[in-house]
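[1] Output the structure for:
(one chain, ligands or ions: 1)
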Amino acid sequence: MPGRLSPLPRMTKPSLLELPPGVQLVYLAEGGANVIYRFVPSSHLAVEDESRQPFSSSSSSSTTKIPHDRDPLIENSAVPLPAIFKGKLLRLRKQTASDLPYKEIVANFNTKIRPLFPANELVDQTLIRLPTDLIPHCNESLRAEERDGSRPAKRHGSYLCLSEPFGLLITDMTVLNDPSAATLAEFKPKWLLQSPSAPASADRCRTCALREMKNRSARGGKEVRSFCPLDLVSERFEDVLRAATFVRRAGGGGSEYDRVRLAKILFRNPTLRNLLSKQKSFREVGLLGPEVLSRENSLDMTLRDCTMFVKIPRDELSPVEIRLGDLDLKTGAGGKAQYWRDLEHQLIDGGWYSTAGSDDSQKHECALSLSRDEFKGNGNGNGNGNGNGVRSG
Ligand SMILES: [Zn+2]
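    Coordinates of the predicted model:
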C-alpha cells in the first residue's frame, strides 16, 4: 500500500501518531514495567544480522541493558524509517500488577511534568498507536529469547500488556546511533536538598542517610558507595568533582579527564538548578508526604527519583545534551505512601541522619558532615533542613 511507504507516519486523528506496520524493531533493554526497542533503518539491516554490535550505553538502576543487539523483530526491509522516528526509541508496556495505561501516563506527563521543564531538558514521550499484531509478535520474541538465553533470567515470565494499544516514542539518549557522542553519563540526582522532616541536628542528608542505612542492614553484602546529592548542586567546583567521581559512564572506566569534564558540565548546570528549584517548590515528602493510605500521585517524590542523562560529544566545542527521564508520576497506591512514611520514621528513629558512631571513612561522605570541616561555613547553601523539631532517638 502506498500509504505504508510514506515518509511520514499516518495520522489516525490529529496529533496521534501511528507506527507503520513493517518498521524494524530491535530489543534494547527492559526494566520491571517497560521494554525498550530501537528502530533500525532499513539500509542498516544487511550488516545488522551478521555483525551484532556491542551495546555501549551505561546502565541505569531501573533498567537491564543487554550487551548485544538482537535480530530485528519484523523482517521487512522495504519499509524506510520515517524521519519522525530518528533519534527516538519505542517504549512498550509490560503487564504488571499496578500498571497504568500509557494514555494516562502521557496525560500526567503533559499536565504535570512538561510545564516544569523546557522541552530540551526532558526525555520526551509521545503516544503512538501500535499495529494490532505487534505486541503478540514482541511477546513471542521475548519467549524465544528466554529459550536461547539472551533475555536476563530475572525478567523471564513477564511480557508485554496485550490490552495496551499504545507505545511511547521516547528520546533516544543512547550513544549507539550517534557517532558524534563519546559518552553517556546516567545517574539519579536524588534529593538535592535535605528532607523537610530530618532532625534539626542532622549531619547527613536524606539520600546519604538512606544509603548508609541500607549498607548497614546489608552487612556482608555489597556496600553501595555513591555521591552526596548536595555536592552535585554545590557552589564549590571540588564538591561537584567529588560527586562526578561516582557517576557511571558508558563502558565503565573513565579517565581523570572524563571526570573533570563531566564536573565542568554539571557545575552550576541549569537543568540541575531547575530540578533543585522544583524540589524546593514540591516538598511534601518525608513526614510531610502523602498520608499512609493515600492513592494520590506524588510529583514531589517523582522529582526525587528521576534520571539525568548527559550525552557528551567527542568534540569539546559541540553542545552537550542533557535530559531528565524516569518522570512517570509515582503513586502512593499499593502501599507506597505507607512505605515512604515508614522509611522516614526508620531514618529518624534509627539515627541515620547522624554520622555519630560511623567509621571515619563514611563520616565525610555527606556534604552536611561535620568532619568535612573545610567545606563548612562556605556558603554551600544546602542547610540541614528546616528544623521542625523532630529529633532522632
Ligand atoms: Zn549527603
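
[2] Show me what from the stretch 101-250 of the chain comes close to the ion.
    205, 208, 228 (Cβ under 5 Å from the ion). All C-beta spots, glycine's among them, are computed from the backbone N, C-alpha and C.

[3] and the gap between the last one and Ala356?
    According to Cβ to Cβ, to the nearest Å, Cys228 and Ala356 sit 18 Å apart.

[4] Looking at those two now, which is surrounded by more residues?
    Neighbours were counted for Cys228 and for Ala356 using other Cβ atoms under 10 Å; Cys228 has more, 26 against 12.

[5] quick one, what contacts the more buried one?
    Going by Cβ atoms under 8 Å, 6 or more residues apart in numbering, Cys228 touches 205, 207-208, 243, 365-368.

[6] make it 6 Å
    Listed by Cβ atoms under 6 Å, 6 or more residues apart in numbering, the contact partners of Cys228 are 208, 366-367.

[7] Does Ala185 belong to a helix, a strand or coil?
    strand (DSSP: H, G, I helix; E, B strand; the rest coil).

[8] From Gln279, how far out is it?
    20 Å.

[9] So those two - more neighbours on which side?
    Just comparing Ala185 and Gln279: by other Cβ under 10 Å the higher neighbour count belongs to Ala185, 24 against 20.

[10] Report the beta-bridge partners for the more buried one.
    In this entry, Ala185 is beta-bridged to Arg249, Val310, by DSSP bridges.

[11] The ion versus that one, what's the distance?
    Separation of Ala185 from the ion (Cβ to the ion, to the nearest Å): 20 Å.

[12] Then Leu142?
    Leu142 is 39 Å from the ion, by Cβ to the ion.

[13] Could I get the contacting residues of that residue?
    The neighbourhood of Leu142, defined by Cβ under 6 Å, 6+ apart, consists of Tyr159.

[14] is it true that it lies in a strand?
    No - applying three-state DSSP, one finds Leu142 to be helix, outside a strand.

[15] Quick one, grab the pLDDT at it.
    Per-residue confidence at Leu142 stands at 96 (pLDDT).

[16] Number the residues from 10 up from this point.
    Okay, residue one is now 10; in that scheme the one you just asked about reads as Leu151.

[17] May I see the buried residues of stretch 312-327?
    Within stretch 312-327, the residues scored as buried using 16 or more other Cβ atoms under 10 Å are 312-322.

[18] Find the residue closest to Asp187 in space, skipping its chain neighbours.
    The spatially closest residue to Asp187, leaving aside those adjacent along the chain, is Lys320, at 7.2 Å (Cβ to Cβ, 6 or more residues apart in numbering).

[19] how near is the one you found to Ser189?
    Taking Cβ to Cβ, one finds Lys320 at 9 Å from Ser189.

[20] before we move on, the earlier item: which of the buried residues of stretch 312-327 lies closest to the ion?
    Closest approach between the buried residues of stretch 312-327 and the ion, by Cβ to the ion: Arg313, at 13.2 Å.

[21] if I read this right, the closest one contacts Trp200, doesn't it?
    Yes - shown here, Arg313 and Trp200 form a contact pair, counting by Cβ atoms under 6 Å, at 5.1 Å.

[22] Is Thr334 bridged to anything, and to what?
    Slight slip there: residue 334 is Gly, not Thr. Thr316.

[23] Near it, how many other residues are there?
    Applying other Cβ under 10 Å, I find that Gly334 has 19 neighbouring residues.

[24] Test my guess that it contacts Thr316.
    Yes - applying Cβ under 6 Å, one finds Gly334 in contact with Thr316, separated by 4.9 Å.

[25] what's the distance between the most centrally placed residue in the chain and Leu281?
    Nearest to the mean C-alpha position of the chain, by Cα atoms, centre = their mean, lies Thr316 at 3.1 Å. From Thr316 across to Leu281, the span is 13 Å (Cβ to Cβ).

[26] Repeat that for Phe255.
    Distance of Phe255 to Leu281, computed by Cβ to Cβ: 15 Å.
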